[in-house]
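**Student:** sequence first, predicted coordinates after that:
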Amino acid sequence: MALSKIQTNSITDGNITTAKIADTAVHGYRNLVINGAMQVAQRATSASVSNNTNESYQTIDRWRIDFGNGAGGACTISQDTTVPSNQGFSFSYKVDITTANASPGTTEQIYFASRLEAQDIRNSGWDYTKSDGSAYITCSFWVMSDKAGVYCFYARDHDANSGTMYFVKEFTLVASTWQKVEIQIPSSSSLVFNNDTGTGLEVGFSLLAGSDRNNATNNTWNTADTSRATANQVNFFDSTSNNFYLTGVQLEVGSEATPFEHRPYGDELRRCQRYYETGTGVRAQGYGTTGTEDSGANAYINFKVEKRATPSFSFSNVSLGGSPAGYSNGVNGSSSSGFSYWYRHGGGSGTGNLRFIMDWAAEAEL
């Protein structure tokens, strides 16, 4: 069978576009945001949040919510099934106002965000220190709110200017209508991203900003002010009728947004487990000996995924048993790859078997 030749000089430049390439080519790992499709929710699928209650990471993995400076109001955050049509998404991040804050104090602010490791931004290929601002990283997302108006997307460089360098960009929503938004974040000679596992870039969304927290200049890096919003930012917390939905968040090097990189659930779960992992039903039994203080029951747990750093731990459903009773229980050594849990003999009189069973959670979030 004869082979056909393709003359490349017959293909005009106008027929080669970013969208066409993105639709047909494989672009693995281009999305720097983990869990942008809101698939993974290891902790819970819903939580009630207010100032000093259930802030930070509570439901959907890699997304945290913060009430700054004693901000009033309350909301329920959840993994919701309301999504834009025909885009391949199953879940969204929902914020449902349950207690309004119609008149926020001057320094109050409420926002939610995802934080990325500094080394992942530094080594992404983004020429982020290009001084003329012509090198971009682009964030795209699908968003809907019952409250129309101007909202603010922000990016924060945690390694530059003592963590007080913010880029803020407004976007406008029509009530109860899904909209795809694309934000081009420019380079700056002032940007710094360390080659480490600490927080580098934070990308997030303002929901409320008092008059002393809405002073950002739109579409530029701000170094003299720590506002995450401009003066045009709506007060999303002004009514218990308000709901906000977000999904399909993608951050990629370049000035154009490509179609969302849908990743399998298992792949996304493993990425999330670098920062948070759980285990259930861990049990061990051992022999406690008189005068041997370190004898007893011990179990070593290997993490499924190496953690960003040595994590902190929480335990639940802990059941201890044996005769005579042990002296203490808890973590007996840990690293980014695993930890040891023991129930040890107290060194007093008597010998016998000691045993435990417990559930655990390890957290190494940014």
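**Tutor:** Everything's here; your move.

**Student:** got the contact list for Ala135?
**Tutor:** Shown in contact with Ala135 (C-beta atoms under 8 Å, 6 or more residues apart in numbering): 126-128, 186-187. Glycine gets a C-beta too; all of them are placed from N, C-alpha and C.

**Student:** which ones among the residues you listed lie within helices?
**Tutor:** Using DSSP state H, no member of the contacts of Ala135 falls in helices.

**Student:** buried only: go through those residues for me.
**Tutor:** 126, 128, 186-187 (16 or more other C-beta atoms under 10 Å).

**Student:** switch the contacts of Ala135 over to CSV; also include pLDDT.
**Tutor:** Formatted as CSV, the contacts of Ala135 follow (pLDDT from 0 to 100):
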residue, pLDDT
Trp126, 98
Asp127, 98
Tyr128, 98
Pro186, 98
Ser187, 98
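
**Student:** between the residues you listed, which is nearest Gly279?
**Tutor:** Nearest to Gly279 out of the contacts of Ala135 is Trp126 (C-beta to C-beta; 36.2 Å).

**Student:** in JSON lines: the contacts of Ala135, plus distance to Phe167.
**Tutor:** Shown next, in JSON lines, are the contacts of Ala135 (distance: C-beta to C-beta, whole Å):
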{"residue": "Trp126", "distance to Phe167": "13"}
{"residue": "Asp127", "distance to Phe167": "16"}
{"residue": "Tyr128", "distance to Phe167": "11"}
{"residue": "Pro186", "distance to Phe167": "8"}
{"residue": "Ser187", "distance to Phe167": "11"}
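
**Student:** what's the closest of the buried ones among the contacts of Ala135 to Asp267?
**Tutor:** Trp126 (22.7 Å).

**Student:** can you give me the domain boundaries for the protein?
**Tutor:** According to automatic domain parsing, the chain comprises the domains 27-272, 277-363.

**Student:** deepest in the core, which of these is it.
**Tutor:** domain 27-272 (a mean of 19; mean count of other C-beta atoms under 10 Å).

**Student:** determine how far that domain lies from the middle of the whole chain.
**Tutor:** Averaged C-alpha coordinates place domain 27-272 at 9 Å from its chain's average position (C-alpha atoms, centre = their mean, to the nearest Å).

**Student:** now the helices: where do they sit in the stretch 101-250 of the chain?
**Tutor:** 118-122 (DSSP state H, counting those that start in this stretch).

**Student:** any low-confidence regions in it?
**Tutor:** Along the stretch 101-250 of the chain, no part satisfies pLDDT under 70.

**Student:** if you set the cut-off to 80 instead, what comes out?
**Tutor:** 224 (pLDDT under 80).

**Student:** how about the strands in it?
**Tutor:** In the stretch 101-250 of the chain, the segments counted as strands under DSSP state E, counting those that start in this stretch are 109-117, 136-145, 149-157, 165-173, 179-186, 199-209, 220-222, 243-253.

**Student:** tell me which of those approaches Gly281 most closely.
**Tutor:** Of all the strands of the stretch 101-250 of the chain, strand 109-117 comes closest under C-beta to C-beta, at 31.0 Å.

**Student:** strands paired with that closest one, and their directions?
**Tutor:** strand 64-68 (antiparallel), strand 199-209 (antiparallel) (DSSP bridges).
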